[in-house]
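Trainee: Okay, here's the prediction I keep looking at, along with the sequence it came from:
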Amino acid sequence: MSNRFAIALVLGLAAFGTLAADSPEPAARPAKPAAADLTAARALIARQDWNAAIAELQRAARSEPKNADIHNLLGYSYRNAGQLDKAFGEYEIALGIDPRHKGAHEYVGIAYLAAKQPDKAKEHLAALKSICGENCEEYQDLAKAIADYKP
């Protein structure tokens, strides 16, 4: 390669880099798949970082709006962040997508206990009984929460 060509190449690349750096439009961030957001959200939930988990799950819900698991975890995170109205909205979406979603039935039942509505929690316990019987983990967890409930 001639020196002139090498110098022209270096100057051209330097000019391109300067133009790209001065560009008013930021480079587009590649979209993360919802699965990546969900994995990050689960780690944040494990650390009880509810607001950060909510942000990750909202991102995931934008990618996959018909994913009942994402809406269920959003409800769970909102409930633990003390935002019951938003939690109920997310559980409603999850159950609208998948009426037999065991986790959503369990978690919305617990949310109803937090809202001092044990009769509604018992409705979801009955739904779980019809979906998976009394031996499934979700039924047993909600049944215990109802038994331990003190208004």
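Mentor: Alright, I've got the coordinates. Residues are numbered from 1 along each chain as shown.

Trainee: for the residue nearest the centre of the chain, what are its contacts?
Mentor: Centroid check for the chain by C-alpha atoms, centre = their mean gives L57 as the closest residue, at 2.7 Å. By C-beta atoms under 8 Å, 6 or more residues apart in numbering, L57 lies in contact with D37, L38, A41, I70, L73, L74, S77. Yep, even glycine has a C-beta here, placed from its N, CA and C like the rest.

Trainee: In helices, which of the residues you listed fall?
Mentor: Among those, the members found in helices (DSSP state H) are D37, L38, A41, I70, L73, L74, S77.

Trainee: in this structure, which spans are helices?
Mentor: 3-22, 34-46, 50-63, 68-80, 84-97, 102-114, 118-132, 137-148.

Trainee: count of neighbours near K144?
Mentor: For K144, the count of nearby residues is 10 (other C-beta atoms under 10 Å).

Trainee: For K66, see how far away it is.
Mentor: Separation of K144 from K66 (C-beta to C-beta, to the nearest Å): 31 Å.

Trainee: likewise L128?
Mentor: Counting by C-beta to C-beta, the separation of L128 from K66 is 22 Å.

Trainee: neighbour count winner among the two?
Mentor: L128 (24 against 11).

Trainee: wait, what's in contact with that one?
Mentor: Neighbouring residues of L128 by C-beta under 8 Å, 6+ apart: K102, H105, E106, G109, C136, E138, Y139, L142.

Trainee: Relative to D85, which of those is nearest.
Mentor: Ranked by distance to D85 (C-beta to C-beta), the contacts of L128 are led by G109 at 16.6 Å.

Trainee: Make sure that closest one is actually in contact with A143.
Mentor: No: between G109 and A143 there is no contact under C-beta atoms under 8 Å: 9.3 Å.
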